[in-house]
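[1] This is a predicted model, with the sequence first.
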Amino acid sequence: DLIFMDLHLPNISGFETSKRIIADNPDQNIVALSADIFAQNDSKLSQSGIIDFLSKPASEAELVDVLNRYCHN
């Protein structure tokens, strides 16, 4: 399974949400999805367990690439 996590959520950040998910399920793959291109260099990404970053709007090719990298049959 793969989670696409928006970083700017109401009431709680995607960083904090990801930390909570990883705390309960350390093997969960989470990819950040944000229109904030500066967020891709944020050290909070790896600290929160996020493994990759896609900027919005993501192209079909970018989505397929991420799915192929992290979703194994």
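    It's in.

[2] Wait, residue 2 touches residue 72, no?
    No. Residue 2 is beyond contact range of residue 72, at 10.2 Å (criterion: CB atoms under 8 Å). Where C-beta positions appear, they are placed from N, C-alpha and C, glycine not excepted.

[3] between these two, which one's more packed in?
    Taking other CB atoms under 10 Å, residue 2 and residue 72 do not tie; residue 2 has more neighbours (14 against 6).

[4] Buried residues in stretch 20-36, which are they?
    Residues of stretch 20-36 classed as buried: 21-22, 29-34 (neighbour count, 16 or more other CB atoms under 10 Å).

[5] what do you get for stretch 8-17?
    So for stretch 8-17, counting by 16+ other CB under 10 Å, buried means 13-15, 17.

[6] Export those as a markdown table, with columns for secondary structure and distance to residue 43.
    Listed next are the buried residues of stretch 8-17 as a markdown table, based on DSSP: H, G, I helix; E, B strand; the rest coil; distance: CB to CB, whole Å:
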| residue | secondary structure | distance to residue 43 |
| --- | --- | --- |
| 13 | coil | 14 |
| 14 | helix | 15 |
| 15 | helix | 10 |
| 17 | helix | 17 |
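
[7] Which of those sits closest to residue 53?
    residue 14 (10.9 Å; CB to CB).

[8] Without its sequence neighbours, what residue ends up closest to the closest one?
    Computed as CB to CB, 6 or more residues apart in numbering, the closest residue to residue 14 that is not its neighbour in sequence is residue 7, at 3.8 Å.
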